[in-house]
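*Asks:* Any chance you can model this:
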Amino acid sequence: MQLSIFVYRLSIDRYISSAECQTQGLIRGKVDLGGWKDYLDFLDRSPYSFQLLTSNLAPDTPTVKLQEVRFGEIAYSLWPFQQRILDKVGGDTLILGLPTGLGKTYIAGAYLKKESLKRPIRVLFITPTVPLGIQQALFARRMLGIESAYFISGSMPPERREELKVWNVGFAVVTPQTFFNDNLSHFSAILGEAKKTQDPVGFLSQLFEDVGFSLPYNVVVADECQRYIGETDGYSLLLSAKASGARILALSATPQLHAPKRLAELKMIFDQIEVFSVEDPEISRHMPERVLELVRVYAPETLLKVYTELGKVIRMYQNRVREAYGPGHLRGWCKEHSLCVLLTALRMMRFRLVEDGASSIIKYRTWKTRELRRALEELGGKSVYDLYQQALKERFNHKITSAMGILRQELYEKAIVFVESVEAAKQLGTVLHKTYGVEDVAVLVGRGNMSMEQQASALLHFKEKARILVCTSVGEEGLDMPTADIEVWVDPPSNPKKWIQRFGRILRQPGDKKRAVTYALVSMRTHEGNKLLGVKRRTEDVYRSTQSLVTRRYKPLSREQESLTKFIRGE
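*Replies:* Presented below is the predicted three-dimensional model:
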């Protein structure tokens, strides 16, 4: 698969004037996030609420007898490359490197139906997160025709799980921790011993036979399997499933498991490990064209002055750290010395200033640093902090304004906006809610700002209703998002894994549309452009993806050319 990258210079002041007007409440320097609380209340009361979902997806009467799965007609068919992958599954199989967006869950569904034709099956579908668990339970009901597929979570008390005999259900979707607590926790010490042996499966097989234990499911699907290695409940579950004779299919978008030790652990479980690549001709021919359009946006002059002054302060602290602790402490790994911690915080604040916009760092405590509050002659008696406040008043967030402009100008059924800063995600979500309404815009941020239950609700909100999803890195991995036509990267991804995960969120299944567009916003005269291209090169090395760079001459918009779409497409 080839990825085309187009580079543009956009006159933000001209094409997003209306978007600028929509952020006037923010531009005045006052962060009104009352709308954020309103959104959380909306999620808790909406048809997408976690409580409603879990009550509908969990059993409510005791399952007295062991159930087996009865498949209805599957409402989808596999693409040829998916069928080829399915044909390779034999014994216990781990599928690696099938990137996000190529239908791993569809392959798992077809595998389960295939297994059910051989013998009656009881399915345990494990997922690393609650939001993904809810999605997989809904997938089983809607797409596999299994009305009795249940999501069993830790939100149901253990006593209630015992009362309802939940592990008798024929199709259980669950996080590893919940299943482990109910079925394997009393084997914790023995599982620890088994992992130290050369043959943990054989060790457990004999033990389970001696005590008369068997895993209550004969088919296990492990989604995002890279999470289930090492000293985790997921790895203990997989070892126990193998020792009990269950068939196992595991799936992971990660093409490499990074550490030979981890790969060796998985080889103890899986008879075969199949690694796939988007460069496989049979796969790439079914991929839509995915285009990354690098959008060079103007960073306001005052913001760039703040960026420059922060750079000077950082260099001063680098010298202090080098003199006090040596050059090895300049990499940001040291958490022991307050000076090292402060240096890391200053660097992060400078990155976020231009990557997520000025308002994203408005609450940073790092602004209390003495050097940032000191009046400077070269700044006309102002401090760096004073200059930052001026930048906020002039343009509260140039990245939010740019993202709003793209969303206003483009045509799409679904759009995803990635932003690193939680604060910026909240602010953008608030502005979009005021512009398009709460029903049309979902927001997904990490725990600490949204509960795990609210995350699950926000994701379903986007799948079922909203046209736009604003999310932080929590949406990059382990979540089954619906197809989106366009994607906006407010900030560059910081590593190849983020790049691949983000890129897999648009046009996940080929269909009538053959072109998916990602807009990467890059602040001019900053580090962002080099960072984006650097991560691109590393992504090519790690994931073996072919990406071509197409650069166009920078040219400003003509006065009569107001449409971003027309400008980009040369109309």
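*Asks:* how many other residues sit next to R408?
*Replies:* Number of residues near R408 (other Cβ atoms under 10 Å) recorded here: 15. Every residue, glycine included, has its C-beta placed from N, CA and C.
*Asks:* does it belong to a helix or a strand, and which?
*Replies:* Here R408 is covered by helix 398-409, with elements defined by DSSP states H and E.
*Asks:* CA-only coordinates of that helix in CSV, if you can.
*Replies:* Output of helix 398-409 as CSV, limited to C-alpha atoms (Å, rounded to 0.1, in the frame of the first residue of the first chain):
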residue,chain,number,x,y,z
HIS,A,398,-4.6,28.3,16.4
LYS,A,399,-4.8,24.4,16.1
ILE,A,400,-8.5,24.3,17.3
THR,A,401,-9.3,27.1,14.8
SER,A,402,-7.6,25.1,12.0
ALA,A,403,-9.3,21.9,12.8
MET,A,404,-12.7,23.6,12.9
GLY,A,405,-12.0,25.1,9.5
ILE,A,406,-11.3,21.7,8.0
LEU,A,407,-14.4,20.1,9.5
ARG,A,408,-16.5,23.0,8.3
GLN,A,409,-15.1,22.8,4.7
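*Asks:* could you point out which element follows that helix?
*Replies:* Next along from helix 398-409, by DSSP H and E: strand 415-418.
*Asks:* Just checking: what are the partner strands of that next one?
*Replies:* strand 468-471 (parallel), strand 486-489 (parallel) (DSSP bridges).
*Asks:* any residues touching it, and which ones?
*Replies:* By Cβ atoms under 8 Å, 6 or more residues apart in numbering, the residues outside strand 415-418 that reach it are 403, 407, 428, 467-473, 475-476, 481, 484-491, 493, 502, 505-506.
*Asks:* Compare the strands paired with strand 415-418 and say which comes out lowest on pLDDT.
*Replies:* Here the strands paired with strand 415-418 differ in mean pLDDT, and the lowest is strand 486-489 at a mean of 91.
*Asks:* Please state the offset of that one from the chain centre?
*Replies:* Per Cα atoms, centre = their mean, to the nearest Å, the displacement of strand 486-489 from the mean C-alpha position of its chain is 13 Å.
*Asks:* Likewise for stretch 186-193?
*Replies:* 33 Å.
*Asks:* Show me what the mean pLDDT comes to for that stretch.
*Replies:* Regarding stretch 186-193, the rounded mean pLDDT is 93.
*Asks:* Kindly report the same for stretch 308-326.
*Replies:* Mean pLDDT, computed over stretch 308-326, is 96.
*Asks:* Please compute how far it lies from its chain's middle.
*Replies:* Relative to its chain's centre, stretch 308-326 lies at 33 Å (Cα atoms, centre = their mean).
*Asks:* ok, residues contacting that stretch?
*Replies:* With Cβ under 8 Å, 6+ apart as the test, stretch 308-326 has contacts from 329-330, 334, 337, 339-340, 342-343, 346-347, 349-350, 353, 369, 371-372, 376, 379, 384, 387.
*Asks:* could you redo the last one with a cut-off of 7 Å?
*Replies:* Stretch 308-326 is contacted by residues 329-330, 337, 339-340, 342-343, 346-347, 349-350, 353, 371-372, 384, 387 when judged by Cβ atoms under 7 Å, 6 or more residues apart in numbering.
*Asks:* One more: stretch 450-462?
*Replies:* 40, 43, 46, 48-50, 53, 130-131, 134, 442-444, 469, 474, 479, 482.
*Asks:* Give me the subset of these lying in helices.
*Replies:* 40, 43, 50, 53, 130-131, 134 (DSSP state H).
*Asks:* Let me have those in TSV, extended by neighbour count, distance to F208 and pLDDT.
*Replies:* What follows is these, written out as TSV (neighbours: other Cβ atoms under 10 Å; distance: Cβ to Cβ, whole Å; pLDDT from 0 to 100):
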residue	neighbour count	distance to F208	pLDDT
L40	16	45	92
L43	24	43	92
F50	23	35	78
L53	22	35	77
V130	23	29	83
P131	26	32	80
I134	27	31	87
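*Asks:* want to try a markdown table for these, with distance to G437 as columns?
*Replies:* Conversion of the ones in helices among the contacts of stretch 450-462 to a markdown table gives the following (distance: Cβ to Cβ, whole Å):
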| residue | distance to G437 |
| --- | --- |
| L40 | 16 |
| L43 | 15 |
| F50 | 22 |
| L53 | 22 |
| V130 | 27 |
| P131 | 23 |
| I134 | 24 |
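*Asks:* coming back round to it: just the strands paired with strand 415-418: most buried one?
*Replies:* Between the strands paired with strand 415-418, strand 468-471 has the highest mean count of neighbours, a mean of 27, where neighbours are mean count of other Cβ atoms under 10 Å.
*Asks:* export that one as PDB, just CAs?
*Replies:* Only the C-alpha atoms of strand 468-471 are listed here, as PDB (Å, rounded to 0.1, in the frame of the first residue of the first chain):
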ATOM      1  CA  ILE A 468     -17.400  13.700  14.700                       C
ATOM      2  CA  LEU A 469     -15.200  12.100  17.300                       C
ATOM      3  CA  VAL A 470     -12.600  14.100  19.200                       C
ATOM      4  CA  CYS A 471     -10.200  11.800  21.100                       C
END
